[in-house]
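Engineer: Let me see the structure of the following:
(one chain, ligands or ions: 2)
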Amino acid sequence: MNTHALILVDLQNDFLPGGTLAVPGGDEVIPIANQLMNDFELIVATQDWHPASHGSFAANHPGRQLFESIDLHGLPQTLWPVHCVENTGGALFAPGLETRRITRVFQKGTRTEIDSYSGFHDNGRRHSTGLADWLRAQGMTHVTVCGLATDYCVKFTSLDAVAEGFHTTLHLPASRGVNLQPGDVDAAIEEMRAKGVVITA
Ligand code: VGL
Ligand code: ZN
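Structural biologist: Ligands and ions are numbered 1, 2, ... in the order given. Sure thing, here's the model as predicted:
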């Protein structure tokens, strides 16, 4: 597995039950991710890391509703509860996650004016996190992606991995989705499959 990296997406307190943007069953993936790490020599993690002023927070748009879609500097933006604010407990990795096995953490969503679902680029593809170049520099040709949430950050990280030329697998047992609308997770899985992601059930 020397050329195959594991990407753990957003395994952070605010996405777990009790967090501000809890993903149903999000806590269930932590022991599965710990187990999955045994199969990989190179493990990276993404970390949603927003300034309190972030444009994806409904609270920063008076008069707007949670989960409404707005135009944020030219891009469609779903308005989320305040979550994963930099240097707060909600942004920390889940306490049960074996973080010492993670070689590098790539933070995203760090700029107020734009959101970043993918661990590779922001939603406007304006800035890269450096993840793709770093993986290539380590000699990686394959990635397995898992984590939270299947229909947002896992999906966009997986699609960008394909676009960057990596052979990409989605590990479904170690992933959970939001399903703001019923069927969102299934649609995300179908879109990933159609665009070349191998799905491991
Ligand atoms: C995520 C919504 C907002 C995710 C992050 O990790 O999937 N979703 N920020
Ligand atoms: Zn976020």
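Engineer: State the distance from residue 192 to residue 114.
Structural biologist: When distance is defined by C-beta to C-beta, to the nearest Å, residue 192 is 23 Å away from residue 114. Where C-beta positions appear, they are placed from N, C-alpha and C, glycine not excepted.
Engineer: Quick one: neighbours of residue 188, just the number.
Structural biologist: Neighbours of residue 188 under the rule other C-beta atoms under 10 Å: 24.
Engineer: quick one: the residue lying closest to residue 85 once chain neighbours are set aside and ligand 1, what's the gap?
Structural biologist: When the adjacent residues along the chain are set aside, residue 85 lies closest to residue 52, with 5.2 Å between them (C-beta to C-beta, 6 or more residues apart in numbering). For residue 52, the distance to ligand 1 (C-beta to the nearest ligand atom, to the nearest Å) stands at 14 Å.
Engineer: what are the ranges of the helices in the protein?
Structural biologist: 29-36, 131-137, 153-163, 184-194 (DSSP state H).
Engineer: The first one packs against which elements?
Structural biologist: When contacts are defined as 3 or more C-beta pairs under 8 Å, 6 or more residues apart in numbering; DSSP states H and E, helix 29-36 packs onto strand 142-148, strand 167-176.
Engineer: Isn't residue 176 up against residue 23?
Structural biologist: Yes: Residue 176 is within contact range of residue 23, at 5.0 Å (criterion: C-beta atoms under 8 Å).
Engineer: Mutual contacts of these two, please.
Structural biologist: By C-beta atoms under 8 Å, 6 or more residues apart in numbering, residue 176 and residue 23 have these common neighbours: 148-149.
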